[in-house]
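Peer 1: Sequence and computational prediction follow.
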Amino acid sequence: MIKPDALEANNTGKIIDMIIEAGFSIKAMKLTHLNKTEAETFYAVHSERPFFGELVDYMTSGPIVAAILEKDNAVADFRTLIGATDPAEAAEGTIRKKYAESKAKNAVHGSDSDENAAIECAYHFSGREIVG
Ligand code: IDP
Ligand code: MG
């Protein structure tokens, strides 16, 4: 996902360019606006964390772009491309180093495992058959 802060700052196109330049192919993409229930469901794994309310408020504060990306070693390579959760700790040249506002408003989401990627893809694009 490209998160609300990045859309608000008009960084969507630059972030998509970086994703394509890094060798990912876009298999599906949409602009959407999560409601509270959707954000709570998507981030249910974090429901006990102290920042959960802040995270849900932020993720519902504006539109997002959801995408399904394909690449060999996609999960690990995408996390390398986006950088650490906190932009202050993200490596130079990463998406979060360039475009994240803060540890909370950090421009992009990446799945943390192949299993969760499949769940998250289905969450955003349910009913759509993902080929290849
Ligand atoms: P990740 O996005 O790098 O995988 P996670 O630890 O899975 O990081 O956290 C999910 C999201 O929750 C982060 O991307 C960020 O938006 C938010 N978040 C994580 N830690 C904090 C925090 O300490 N304060 C506020 N928001 C946070
Ligand atoms: Mg995570």
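Peer 2: Received the coordinates, thanks. Ligands and ions are numbered 1, 2, ... in the order given.

Peer 1: residue boundaries of the strands in this protein?
Peer 2: 25-32, 64-70 (DSSP state E).

Peer 1: Which elements pack onto the longest one?
Peer 2: What that stands for is strand 25-32. With contacts taken as 3 or more C-beta pairs under 8 Å, 6 or more residues apart in numbering; DSSP states H and E, strand 25-32 sits against helix 12-21, strand 64-70, helix 114-124. To be clear about C-beta, it is placed using only N, CA and C from the backbone, and glycine gets the same treatment.

Peer 1: quick revisit: can you put the strands of the chain in a markdown table and add distance to Gly110, mean pLDDT and mean neighbour count?
Peer 2: Shown next, in a markdown table, are the strands of the chain (distance: least, C-beta to C-beta, whole Å; pLDDT from 0 to 100; neighbours: other C-beta atoms under 10 Å):
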| stretch | distance to Gly110 | mean pLDDT | mean neighbour count |
| --- | --- | --- | --- |
| strand 25-32 | 14 | 98 | 13 |
| strand 64-70 | 9 | 98 | 20 |
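
Peer 1: you'd agree Ile20 is up against Met29?
Peer 2: No - between Ile20 and Met29 there is no contact under C-beta atoms under 8 Å: 11.2 Å.
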